[in-house]
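1. A predicted structure for the sequence below; I have some questions about it.
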Amino acid sequence: MRRCILPLLLLSLLLPPAFAGSAPAVHEFTLDNGLKLLVREDHRAPVVVSQIWYKVGSSYEHDGITGISHVLEHMMFKGTEKYPAGEFSRIISENGGRENAFTGKDYTAYFQQLEKSRLEVSFRLEADRMRNLLLPEDEFRKEVRVVMEERRLRTEDDPEALTYEQFMATAFVSSPYGHPVIGWMDDLENLTIEDLRRWYRRWYAPNNATVVVVGDVDPQAVYALASKHFGPLKPSTLIPPKPRHEIPQRGLRRITVKAPAQLPYLLMGYKVPVLKTAAEDWEPYALEVLAGVLDGGDSARLARELVRGRQIAASAGAGYSLTARQDDLLLLDGTPAPGHDIQTLKAALRDQIRRLREEPVSPAELARVKAQVVANDVYQKDSVFYQAMVLGILETVGLDWRLADEYVDRIRAVTAEQIQAVARKYLTDDRLTIAVLEPLPLAAPESGAGRHGAGSPGGGPHGH
Amino acid sequence: MFQTRSQTIARRPCLRSFFFCARPAPAVLAFLILSLLLGSAALATPSIQHWTTQNGARVYFVAAPELPMVDVQFIFDAGSARDGGHPGVALLTSALLDQGAGELDADAIAERLESVGARLSTSSHRDMAVISLRSLTEAQLLEPALEVLELVLGQPTFPQAALERERKRMQVALQAQAQSPGDLAEKAFFAALYGEHPYASPPLGTEESLARLTREDVLRHHGRYYVARNALVAIVGALDRKAAEALAARLAGALPEGAKAPPLPPVRPLDQPVTRHIDHPSTQTHVRMGQPGMKRGDPDYFPLYVGNHVLGGSGLVSRISEEIREKRGLAYSAYSYFMPMRELGPYTLGLQTRNDQTEEALAVLRRTLKEFVAEGPSEEELRASKRNITGGFPLRLSSNAKIASNLAMIGFYELPLDYLETFNSRVEAVTREQIVAAFQRRIHPERMVTITVGGGAALAQPERSGTGNGNR
């Protein structure tokens, strides 16, 4: 029940990332109805992963219906005329498959992992639910309660997640990145089945989808299967979302979040461009390496200097994702070590940023970050799922999947001067938002004696 | 990796979840646990080579020539079950291994590894303590990584300053547990399930035990358990047998021969139900229910595993998920799973639900379990589960990382080398009658531990212990 269910993006954030490098070629097809198909062969094991990516996610939503993309993702398992509620999962399961779906800011994706001969099962079912979802009212009533439980589990009862949510809402004013993927509770409570039907009709169409298949397959055969199942689907007239660019920030923003907790927590974010928005196309790669200099392993600056050296932080991290659809944040976060407070940690993290602005990164550090990127590029080929994921994200945010193959070379080309330049340009106080979690007592005062105390000072129950 | 909670002291915070899923983690988790051991008669399984080094370390090797990389894992019977009255010592020892070795300090170790793109990690579970290296196989990259691993295995220095730092970080991790209702439930569940058994020893230790741990405790733990005869080596990667033998001999050669850890005591069954509630200001109540379950290599392994797949182990199509989530919308995640260990690992049923729905959800969970134990699966359910397990077999071995996990499991628990090859046929052979008999013999809904954590800030009437309180 760890926080990160699919820590795939985190891999690309926290370990200096690597996309695909010199991977086997990707075969690209486009059906007449606009559906895009990407196929990459990997013959190491007789398996296949099939993912379908829709260009819709929380950043396509407006106020009042936040969370609707994710609720719709849940409802996609609730039946069509041909395959009533529950049938989709049952059929995949009987075929030995694993499946799930996920919603992010910029995409909604569904996937199945199967023994290779069963790919058609996935295509038949996905094609059916792309256009024929029933969205029954009674199923919606139950499922939206499930999503509210999910929100309680992941956000309401997790003080750091709660801090992150309010932090994002503070950092972004006019950009849709300010509201949570799972949606505000109040919006979930007021969502209607009609809202969902409209959302489904608007976004679920072959010309708004990309199918990615990686595994022990023949690309031409996959294309034939895709044509058979997805080919007959009618395209829609798509109305693109409004741009909703973030307004320029004018000065540092700070917030405090109070929640029952034992540990304080600090989150800092600087507004930065991404591949899709950067004025200079090297900038996102320089920011990526910059994040690696801070947090690319135990030899990187945060672990070496703040956790081990000065022992100010019990943990500290930095992250950046260059594949967002709009300007995003370079994040820093941390928990102070015992005996140190948030102020000390914050000062130390800001010193780290200042140093990046003032001094070029040493050649040895730069070489280490790059060595890890090169190695990770090989390691990530151990996972067909990850390979598919990278292609899907790039295509879905409106970038070219070929960027995956350029990634290693682009990272290798980053210089110390470029890192310093992006630090000077973007890591400035005027672009900064800071959130601090201020712990409230965990124990309800009236709750009782004799109880192994969730609130016992510094303790937590160990029940002996 | 091998058991649900891999304990490492969080090296870095998790920078928030970026997306939300239709299916919950526990199902995935259960999958991961159960996924470690599946095999098939019909499909090719990797050819496992096995030998023992001169000083007694057992080696399991699979050649995977496709990618220029190798995974090497050393697994010691040195998890928290070996804390021996010093809760936390196993994890502290594990966390310190790469904080100083030979002439190198933590900075130098990290630098040497990361400058060749290698990844070294240490973790400690209840049964196992694991040291993993992933490296490229190009000689000038692999060699420096192996040199570091050799030092970490043979000459860790356990610097006092690093010990003090890691002790503090474990204290912080304890505080993080105390603010998480799920972690609190898990911890209380193990404590109630295992009483005085070594499996009750909390991997992170306790506030008191952490304060008392000394360098001598760490040295004693390390000296006793991090030895060749108590080690299992799993290697998967682009090496041939000869290179793998040389690599294993060299690395294991860094370890003293020592002796295998003694057997753990058997786990006593619960003789009465235990109910415990912990107040927590959360909006949901986390429920954990269960009892000691089964061992690796258990004679009832197959009927229990396949039966539970129907009951709560197959994600959204399982009975528990159907009753709790699909029919009633009571929880995002509701599940059951066995975690087979050296001795009886837990059988766990769980869910989280809005505080005011706790009683309803618990009643449904209990009723679903009771009905299943009484009647078992239908023939149709059994058939569907078998199809899922056997049809999905290739997914269990589809990466080097997954193959390495299987080797570790087979090797550590000394399962037969044909375990993967025969797995599917043994699943196919399970009958409805065997499942009913095994569940009725082994699973006792009337004598379970039930932990609830939650209630919110203003819990009106906290439910108190049923029969018995706390531990046996």
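-> Nice, thanks for sending it over.
2. drop to CA atoms for contacts and neighbour counts, all remaining ones
-> Noted.
3. what residue ranges in the stretch 351-472 of chain B score low on pLDDT?
-> B:457-472 (pLDDT under 70).
4. what about the helices in it?
-> In the stretch 351-472 of chain B, helices defined by DSSP state H, counting those that start in this stretch lie at B:358-375, B:379-391, B:400-412, B:419-428, B:432-442, listed in chain order.
5. In a markdown table: those helices, plus mean neighbour count and distance to chain A.
-> Shown next, in a markdown table, are the helices of the stretch 351-472 of chain B (neighbours: other Cα atoms under 10 Å in any protein chain shown; distance: least, Cα to the nearest Cα, whole Å):
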| stretch | mean neighbour count | distance to chain A |
| --- | --- | --- |
| helix B:358-375 | 18 | 12 |
| helix B:379-391 | 20 | 4 |
| helix B:400-412 | 23 | 6 |
| helix B:419-428 | 19 | 12 |
| helix B:432-442 | 18 | 18 |
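6. for those, which one sits closest to A:Arg201?
-> Closest approach to A:Arg201 among the helices of the stretch 351-472 of chain B is made by helix B:379-391 (33.0 Å; Cα to Cα).
7. What angle do helix B:432-442 and that closest one make with each other?
-> Orientation check (axes from the mean of the first three to the mean of the last three Cα atoms, to 10 degrees): helix B:379-391 against helix B:432-442 gives 90 degrees.
8. which helices and strands sit right next to helix B:379-391?
-> helix A:87-94, helix B:301-308, helix B:419-428 (3 or more Cα pairs under 8 Å, 6 or more residues apart in numbering or on different chains; DSSP states H and E).
9. elements contacting the longest one?
-> In this case it means helix B:419-428. Applying 3+ Cα pairs under 8 Å, 6+ apart, one finds that helix B:419-428 contacts helix B:301-308, helix B:379-391.
10. how about A:Leu322, what does it touch?
-> Neighbouring residues of A:Leu322 by Cα atoms under 8 Å, 6 or more residues apart in numbering or on different chains: A:273-275, A:284-285, A:288.
11. Could you export those residues as a markdown table, including pLDDT, secondary structure and neighbour count?
-> As requested, those are exported to a markdown table (pLDDT from 0 to 100; DSSP: H, G, I helix; E, B strand; the rest coil; neighbours: other Cα atoms under 10 Å in any protein chain shown):
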| residue | pLDDT | secondary structure | neighbour count |
| --- | --- | --- | --- |
| A:Pro273 | 98 | coil | 26 |
| A:Val274 | 98 | coil | 26 |
| A:Leu275 | 97 | coil | 23 |
| A:Pro284 | 98 | helix | 26 |
| A:Tyr285 | 98 | helix | 23 |
| A:Glu288 | 97 | helix | 25 |
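12. between these, which is closest to chain B?
-> Closest approach to chain B among these (Cα to the nearest Cα): A:Glu288, at 15.3 Å.
13. what's around residue 246, how many residues?
-> All of this refers to chain A. Using other Cα atoms under 10 Å in any protein chain shown, A:Glu246 has 18 neighbouring residues.
14. Oops, wrong one, chain B.
-> Residues lying near B:Ala246 (other Cα under 10 Å) number 12.
15. residues touching it, list them.
-> B:Ala246 makes contact with no residue, according to Cα under 8 Å, 6+ apart.
16. quick one: pLDDT of it?
-> Note on B:Ala246: pLDDT of 98.
17. List, one by one, the residues from the stretch 251-400 of chain A near chain B.
-> Proximity of the stretch 251-400 of chain A to chain B is confined to A:260-263, A:297-299, A:304, A:308, A:311, A:314-319, A:333-334, A:337-338, A:367-369, A:371-376, A:378-379, A:381-383 under the rule Cα under 8 Å from any Cα of the partner chain.
18. Take the contacts of A:Leu322 and lay them out in TSV including distance to B:Val62.
-> TSV is the format used below for the contacts of A:Leu322 (distance: Cα to Cα, whole Å):
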residue	distance to B:Val62
A:Pro273	44
A:Val274	41
A:Leu275	40
A:Pro284	40
A:Tyr285	37
A:Glu288	35
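19. hang on, the earlier thing: quick one, which of the helices and strands packed on helix B:379-391 gets closest to B:Ser135.
-> Closest to B:Ser135 of those is helix B:419-428 (Cα to Cα; 26.1 Å).
20. What segments of the stretch 1-150 of chain B are strands?
-> Using DSSP state E, counting those that start in this stretch, the strands of the stretch 1-150 of chain B run over B:20-21, B:49-52, B:58-63, B:69-76, B:100-101, B:104-105, B:119-124, B:129-136.
21. looking just at contacts, which helices and strands does the fourth one meet?
-> In terms of contacts (3+ Cα pairs under 8 Å, 6+ apart), strand B:69-76 is packed against strand B:129-136, strand B:231-237, helix B:400-412.
22. what is the orientation angle of that strand with strand B:231-237?
-> Relative orientation of strand B:69-76 versus strand B:231-237 (the same axes, to 10 degrees): 170 degrees.
23. Just the residues contacting strand B:69-76, thanks.
-> A:378-379, B:128-137, B:225-227, B:230-239, B:400-401, B:404, B:408, B:412.
24. List buried residues within these.
-> A:378-379, B:128-137, B:225-227, B:230-239, B:400-401, B:404, B:408, B:412 (16 or more other Cα atoms under 10 Å in any protein chain shown).
25. shaky segments in the stretch 351-464 of chain A?
-> Residues of the stretch 351-464 of chain A that meet the cut-off, pLDDT under 70, sit at A:444-464.
26. Enumerate every residue touching B:Val59.
-> Residues near B:Val59 by Cα under 8 Å, 6+ apart: B:50-53, B:232-235, B:248, B:411.
27. and of those residues, the nearest to chain A?
-> Once Cα to the nearest Cα is applied, the member of the contacts of B:Val59 that ends up nearest chain A is B:Ile235, at 14.9 Å.
28. For that closest one, which residues count as its bridge partners?
-> B:Phe61, B:Val72 (DSSP bridges).
29. for A:Gly319, same thing?
-> A:Leu331.
30. That one: neighbour count?
-> Neighbours of A:Gly319 under the rule other Cα under 10 Å: 28.
31. Was I right to think it contacts A:Leu302?
-> No - the criterion here is Cα atoms under 8 Å, and A:Gly319 misses it with A:Leu302 at 11.8 Å.
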